[in-house]
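**Q** Sequence plus the predicted model coming up.
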6 protein chains.
Amino acid sequence: MSKVVAFGEIMLRLSTERHLRFSQSTAFDASYGGGEFNVCVSLANYGVNAEFVTRLPENEIGISALKEMRKMNVESKNIIYGGERLGIYFLETGAGTRGSNVVYDRAHSSMATIEKGNIDWEKVLEGANWFHWSGITPAISETAAEACLEAIKVAHKLGITISCDLNYRSKLWQYGKTPSDVMPEMLKYSTVILGDIDTAYFMLGIPKVNPNYQDEKSLPVLYSKLFDLLPNLKTVATTLRYSVSASHQRIGGVLFDGKMLYHAGIKEVTPVVDRVGSGDAFMGGLIYGLLEYQNNKQKALDFAVAACCLKHTIAGDYNLVTLKEVENMIDGNSAGLVSR
Amino acid sequence: MSKVVAFGEIMLRLSTERHLRFSQSTAFDASYGGGEFNVCVSLANYGVNAEFVTRLPENEIGISALKEMRKMNVESKNIIYGGERLGIYFLETGAGTRGSNVVYDRAHSSMATIEKGNIDWEKVLEGANWFHWSGITPAISETAAEACLEAIKVAHKLGITISCDLNYRSKLWQYGKTPSDVMPEMLKYSTVILGDIDTAYFMLGIPKVNPNYQDEKSLPVLYSKLFDLLPNLKTVATTLRYSVSASHQRIGGVLFDGKMLYHAGIKEVTPVVDRVGSGDAFMGGLIYGLLEYQNNKQKALDFAVAACCLKHTIAGDYNLVTLKEVENMIDGNSAGLVSR
Amino acid sequence: MSKVVAFGEIMLRLSTERHLRFSQSTAFDASYGGGEFNVCVSLANYGVNAEFVTRLPENEIGISALKEMRKMNVESKNIIYGGERLGIYFLETGAGTRGSNVVYDRAHSSMATIEKGNIDWEKVLEGANWFHWSGITPAISETAAEACLEAIKVAHKLGITISCDLNYRSKLWQYGKTPSDVMPEMLKYSTVILGDIDTAYFMLGIPKVNPNYQDEKSLPVLYSKLFDLLPNLKTVATTLRYSVSASHQRIGGVLFDGKMLYHAGIKEVTPVVDRVGSGDAFMGGLIYGLLEYQNNKQKALDFAVAACCLKHTIAGDYNLVTLKEVENMIDGNSAGLVSR
Amino acid sequence: MSKVVAFGEIMLRLSTERHLRFSQSTAFDASYGGGEFNVCVSLANYGVNAEFVTRLPENEIGISALKEMRKMNVESKNIIYGGERLGIYFLETGAGTRGSNVVYDRAHSSMATIEKGNIDWEKVLEGANWFHWSGITPAISETAAEACLEAIKVAHKLGITISCDLNYRSKLWQYGKTPSDVMPEMLKYSTVILGDIDTAYFMLGIPKVNPNYQDEKSLPVLYSKLFDLLPNLKTVATTLRYSVSASHQRIGGVLFDGKMLYHAGIKEVTPVVDRVGSGDAFMGGLIYGLLEYQNNKQKALDFAVAACCLKHTIAGDYNLVTLKEVENMIDGNSAGLVSR
Amino acid sequence: MSKVVAFGEIMLRLSTERHLRFSQSTAFDASYGGGEFNVCVSLANYGVNAEFVTRLPENEIGISALKEMRKMNVESKNIIYGGERLGIYFLETGAGTRGSNVVYDRAHSSMATIEKGNIDWEKVLEGANWFHWSGITPAISETAAEACLEAIKVAHKLGITISCDLNYRSKLWQYGKTPSDVMPEMLKYSTVILGDIDTAYFMLGIPKVNPNYQDEKSLPVLYSKLFDLLPNLKTVATTLRYSVSASHQRIGGVLFDGKMLYHAGIKEVTPVVDRVGSGDAFMGGLIYGLLEYQNNKQKALDFAVAACCLKHTIAGDYNLVTLKEVENMIDGNSAGLVSR
Amino acid sequence: MSKVVAFGEIMLRLSTERHLRFSQSTAFDASYGGGEFNVCVSLANYGVNAEFVTRLPENEIGISALKEMRKMNVESKNIIYGGERLGIYFLETGAGTRGSNVVYDRAHSSMATIEKGNIDWEKVLEGANWFHWSGITPAISETAAEACLEAIKVAHKLGITISCDLNYRSKLWQYGKTPSDVMPEMLKYSTVILGDIDTAYFMLGIPKVNPNYQDEKSLPVLYSKLFDLLPNLKTVATTLRYSVSASHQRIGGVLFDGKMLYHAGIKEVTPVVDRVGSGDAFMGGLIYGLLEYQNNKQKALDFAVAACCLKHTIAGDYNLVTLKEVENMIDGNSAGLVSR
């Protein structure tokens, strides 16, 4: 069986209930999540051996995050402890024409103050065949970027498949370096990249492009340039998202493997219960698909898109659906019938 | 005034809140319902004298179900007591592409262990002019099937109109008999049947058909075959349901009286607050319509469809709407204006 | 900076949760609101100095309303105290084809028993440049109507801009006078009126018309008649509302300034979180727009329509959105993206 | 079987949750209750045929109160409809040194505007053997006092036992008459009175006394004076309440039957879940005790005290306990063991 | 490190909120627990390697129970799947003089229908040094009793310490056998027994005794008789519970090791947040104490009593406290100071 | 009228509901508070003009804190904006023998990064006659200590009464300085100090003492030493707290004015709804008492103690009680009667 290890931050997520605004709320729903952890939960739900590595504070909030990992069947044995606080993000869930609003409070977290050398990656990655990281870790602090690069290099040395979700967030990257200072070195070991082409170009320091994801001709050209720059790259995938309103999304996807361009059909997603984490659901589905359907890239992409769509109906950061539910949706059973 | 007696099971319904999945839930909404009871509530809301007959356990959960009946103005004086437990069903309410999920936990209930002879039907049905049962009761146990047939025969002897909602559930029928072993004898006394034609064919042991409910020619032929087999049959009706997603349904209906075929226009139902029980709401509306508009079958059908649509906006098993609200909807007032 | 003073009633609003019906509810959400107060909150949110004048009972419910005003940054220093009770309204929030239902319980409130002379309007209105009232105050009692007319006259004498939201409610006006007995005298001082033309005609005692709000020719003629009758009138605006269902509205608007007719494009509003107070959100946006964009009536109207649309996504009576959020929506950013 | 009819007001009760203060509350728990209705619920729980007569508004809030009556198995067939509103009271539940706080909002209710002649008491009381009223009804309005006296006179004419809970509330009695204007005429038909001696003296216009409920000598003298004045009086009972704090009460009782003085032992009641309605629980227990244990006044009193104690553990206005639970407590089983 | 394996049933626990009665509840708190599982959670919290073995249904409710085990760090790898349903119990939490009420709905559960041979105990118990079972398993069905005896025998063969919590429940044992038919054979392998002496006598078929737990002389005599009968017995312990009310308990304990009698001082426990599971907390503390303080039986007993006391402050079935919190309490820090 | 200005930090407080532990919580109650702000709320409730000065982040969480201030009628016009985050603290409310647990997450807050010179204290303190600060501000960071000393010096220069609540928290003071490095200079301007003598000695760098607060002889000697060291000191007061359990406190107080020693009687406080902030309630009561009862130090102390006791019954950080409620308690009305 495959074993996937992901490295990143898990946060306490405090969200308002029933579309209330922050200032109306006398209570926040409390759950735990974060991009790379969410990918692990998806994989564990599909039956893959998934492990999450992070740094947690030794207090009750950190312990609560740990219990959530255990509940979701994500291996936590290599987590390290220390630092001051668990990162937090506040979420106000929008509706219709009012978008959701995120207030980050993740600076100075235990993960942001992690340092290169804190984790024995040779030991952690023993037996793993996939390593996943995202563009958020290098964005939170210089030491986190260094710690992540260290992990990537070990993974590469061990011949492990490496995936990266670009996840560009302009509000982060506050420590004096830009993505193009840091990311090219990190990305060059990646086998699988999830993200918009223009984000990839931007992170690699290439002049901005305006990709047309419907254009079957220009798209392979743009993607090919990435393959030229990143020697280990095998697969690039992009979620296509058309936002009709906060409550109505249209979701599709594109995958390019250096030769072929694959498209997944657009699906209507309405209403949206919770869209935060739907990109992570795509990523989790993509890793599963690439592991499971190695000779069928179309199916891998379809799996990622179906998983992403279903995530919009799940409250919380991660995608609490089963393998069978995703497969049913790929097979066209998306009419929301009552199972009884 | 009409008096309708229904016989069946009432269950504790435990549903997750706000589209949460079962494993996310730290609380379940608790209410009480069941197909035949739901029909009684609809009728009581429309001003009809409605009585529900069942078997309840003598514990606090059974008593709570009884209090719900009283609250809804459904007569409960002929309920009998005994057995081990109230049946339970768990409901996870879906959204969009994720359907709702029902986990039944109704085996070994007080109603499942009822036996022929437990109820004095001659006395219970005195003064009644309508008796309602559904295909669920014969599906839960052999003794329940026998107890139900006993009631049907007494009702027939007393010249009471008998209606049946076919309600086929493949997960039930676990006790060694098939619908075609049991249902033909039970259905032959029925005056009114609610259900898909193919379900009726299947239950009567006739080879499967694929009805086209838009086909004004073939449909009467298929329905007529039922009339041939069931000597007391006067009316067959079918809910037409097109499921766009768990949150969006299109609802219509068809009624055949042996001569004429009636269609009700399709209505958009979105969002769906709770669709469980919407078939029972149709059945309750149909009985009311047939009692009240005896010379206007179209209006009876329109009433049933409008009631069914409104049910989708009501949380819980039964249709908590007034006669006036259904009538307003038939009259075209379905734009959801604020009444103030 | 502008200073707007509004006069009216603030009520305790008791609403059912999650689309439950009144008889299903074991708890009511409690908040505070009312047409004229809601306008003040909108203005305060946009940075305008807003003051609300009313009469509150000296009990804990009245104090709670006062605290809500303070929280929302609405000046309350000229509120007077006395009378028996705070007005209440019960709200059952509909969904889809089932409309929301309001039960008023506002008779005999402290505001309904206010009397002319209770408030020193010369002092209250000192320094103000806008006075707002609505057709609800004259509808609740004769003494409230007199107290309101007194305020209007002082505002007029002081040369203050006067706006009125016609807000006709047939369930009020129970004290023996009709709108046409009372409103013509009150409206003749108004500079800005919000309301349907036919309502205005009705209140002024003019025979009923059937305006076609798409008709660019007849509409100015109908509006002009209002300008003929009301010597101080400068602006009339109307919210255009097409109700697809309780959960789906289409919102636009029309403004006429005596010369030009302005139309705002229709916007889709779905789902509706809470539509009560969306007219007040339009009014608040209109006042802000007229104050801020004095030479750009189109922008004033667009601002009012955008504010009104956003209100449908906010729980509670008033429009808890920022100036920037309304401006973003006018600029076309209404796809409900996540801000992070 | 005995049949008890009670006449009075049922209100919507809006209470804050978890000891929150009014101004902290964003939701109120909603339930229904009132002194005389609460007595009916107690009796129905003990198996007595209990009927409640009142006047309800024809709106959804009135209907919700009606449904609560049905749920609690209290007969409601003689309720009349009309008037503007259901009375409301707001309750802030205290703790420790902070007492609970009630804000009444019951003026102008449907019951307050009831009039003599509205109810056909000859018909209502047919078959009843007990009629219960309280000092609250004559306190809310002159017409309610008249309507109540009318009922009392018919009950007396029919030879029915009449009980009254004095229930003096100084905040009521606002319509220009004092208790001593109204109560003597009403009380002279009463067979059973519940209340403090000094309250009885005050209501009968006798100079105030300071009873010492531990004084076995003076107490019979004081009580005897009531028997002298009230020709039909057979039993007077008083709840003894020592309030250590809002969360800790000591409850006992005294009963005098014209000859003998009975004392019930003091019981510790802590914590207090909800003490509102505990006097009504005493009254309900007393009526049951007097009906059931006619030759054992001590047991009747003990039953009333035990019922009153148990009520303090029940949320809401009325005493949701079974006959067996009260009997167990009389038998000394009050250690709160887990039943499993 | 020690490894403890427990065998028993885990149930869905549905409890009313805020002391509401069953019939008042529109929602139930949902959690998972059961005597033997609760012991595992205690041990896992104290850092012991704890594994729970049971049989779960393959549905979402069973999966939710599994996730709870994972969250609590209890090993679940040897759980088997099958059967119809997860056992349920309903809990109404009392207060003061009103005791808590449990309604069991555990018949026909997956665990009740387990059979001897379903589990490979040789493999499961490999590496374990403690096996725990309780008197509930043989009480639910004959096959469960047989399956439990099988496990006990394997554990005995492997030389593993065996503990049993007698846990007599008169409502169970419905399958035709009495405790004295079944328990003597099962108990004779036990090394550690938790339970009242009289319960032990009863289960062993010895005539009933009335132990006086304060009597330092008679108690060793009574306990010694158990040691005579049960050849492997090394330790018997009893929780001493004095129930002042449902909200106030006094908790102590006694331990006898065949030679010495140990007493733990009585502690005041008030208020009680949740007492269900406090016996399991004692058992978990006792196992930990006997493992950790092998030469200090007094400390082992003190640990069990302190753990039991703390459990009364924890909502839910199991004892969610840390080793340090129990140790602090033993050291006398039970004044409930704020840690900040 | 007096005007009191306080300087300090306001935090988001996230507390678990119903005594749940952190890891059990799927929601946190959200409110806002902090020692110095809580004092302002007390004063505003008693009718004193109170202003709070702090530094808030410019995000929605900071805005929500600002709205809470407005709601509580605390002046906020001199608040400054900047920095990264609002400080947070997590609170798990204990019960009985389990104490409450606080997890601080306040490092790097906007207030911790405030600097000397950020606030124009000459302008802010114009017209004020009291300035309040606490030992928490110098404990959070060196720059906050400097900013606080700056304020103190200006207040002293302007001849304003200065009070300090010592509030020693060992978990703070992490930036390299000890209280005795910083506090002596700050305290020497204080007129009123609240805190234990030993804390004061410790902060002033005097060898530790063990005060006996019942000793009428030694206590004045110890206090006098403070008066010797602090030239402006006029009043020292101490809350006496005996913690029976987390749910039961005994509260008294001592005040020394340089000459006389005043004691307030011990009051029983049980149950405890929320004890966090009860020291701030004492401080708020003390300031009010000293302002209002200048010639009656006993009454000032009694007021502070009564206010502190009542706070234990109020959920949240600050003391939401009225002047009249505190006065009633001083007058002995603490039996928790229902006001109706």
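**A** Yes, it's here. Numbers count the residues shown, from 1 in each chain, chains lettered A, B, ... in the order given.
**Q** Next, work out how far apart the residue in chain A that chain C sits nearest to and residue B:231 are.
**A** Nearest residue of chain A to chain C: residue A:246, at 2.6 Å (C-beta to the nearest C-beta). For every residue, glycine as well, the C-beta is placed using N, CA and C. Distance, residue A:246 to residue B:231, by C-beta to C-beta, to the nearest Å: 58 Å.
**Q** For those two, indicate the residue with more neighbours.
**A** Taking other C-beta atoms under 10 Å in any protein chain shown, residue A:246 and residue B:231 do not tie; residue A:246 has more neighbours (25 against 8).
**Q** ok, now which ones touch the most centrally placed residue in chain A?
**A** Chain A has residue A:280 as the residue nearest its centroid, 3.3 Å off, counting by C-alpha atoms, centre = their mean. By C-beta atoms under 8 Å, 6 or more residues apart in numbering or on different chains, the contact set of residue A:280 is A:35-36, A:38-39, A:42, A:165, A:311, A:317-319.
**Q** name the element it belongs to?
**A** In the assignment (DSSP states H and E), residue A:280 maps to helix A:278-292.
**Q** do you know how far the residue nearest to residue A:93 when sequence neighbours are not counted is from residue C:313?
**A** Leaving out its chain neighbours, the residue that sits closest to residue A:93 by C-beta to C-beta, 6 or more residues apart in numbering or on different chains is residue A:100, at 5.2 Å. As judged by C-beta to C-beta, residue A:100 and residue C:313 stand 11 Å apart.
**Q** So these two - more neighbours on which side?
**A** The neighbour comparison of residue A:100 against residue C:313 (other C-beta under 10 Å) goes to residue C:313, with 29 against 22.
**Q** Would you confirm that that one contacts residue A:18?
**A** No. Using C-beta atoms under 8 Å, residue C:313 is not in contact with residue A:18, being 11.6 Å away.
**Q** ok, whichever residue of chain A sits closest to chain D - contacts?
**A** Chain A approaches chain D most closely through residue A:26 (5.3 Å), counting by C-beta to the nearest C-beta. The neighbours of residue A:26, taking C-beta under 8 Å, 6+ apart as the test, are D:26, F:29-31.
**Q** For those, please prepare a markdown table with the additional fields distance to residue E:305, pLDDT and secondary structure.
**A** Below are the contacts of residue A:26 laid out as a markdown table (distance: C-beta to C-beta, whole Å; pLDDT from 0 to 100; DSSP: H, G, I helix; E, B strand; the rest coil):
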| residue | distance to residue E:305 | pLDDT | secondary structure |
| --- | --- | --- | --- |
| D:26 | 42 | 97 | coil |
| F:29 | 33 | 97 | strand |
| F:30 | 37 | 98 | strand |
| F:31 | 37 | 98 | strand |
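**Q** Identify, from those, the entry nearest to residue E:94.
**A** Nearest to residue E:94, judged by C-beta to C-beta, of the contacts of residue A:26 is residue F:29 at 25.2 Å.
**Q** and the top strand by length along chain A, what other elements does it pack with?
**A** Counting by DSSP state E, the longest strand found in chain A is strand A:235-245. Counting contacts by 3 or more C-beta pairs under 8 Å, 6 or more residues apart in numbering or on different chains; DSSP states H and E, strand A:235-245 packs against strand A:192-194, helix A:197-203, helix A:218-229, strand A:248-256, helix A:278-292, helix A:297-311.
**Q** What residues of it count as buried?
**A** For strand A:235-245, the neighbour count (16 or more other C-beta atoms under 10 Å in any protein chain shown) marks A:235-241, A:243-245 as buried.
**Q** Next: stretch A:109-128.
**A** Quick answer for stretch A:109-128 (16+ other C-beta under 10 Å): A:109-114, A:119, A:121, A:124-125, A:128.
**Q** now, which of those sits nearest residue C:50?
**A** residue A:109 (40.3 Å).
**Q** State the distance from the spatially closest residue to that closest one that is not a sequence neighbour to chain F.
**A** Nearest non-adjacent residue to residue A:109, counting by C-beta to C-beta, 6+ apart: residue A:87, 3.7 Å away. As judged by C-beta to the nearest C-beta, to the nearest Å, residue A:87 and chain F stand 10 Å apart.
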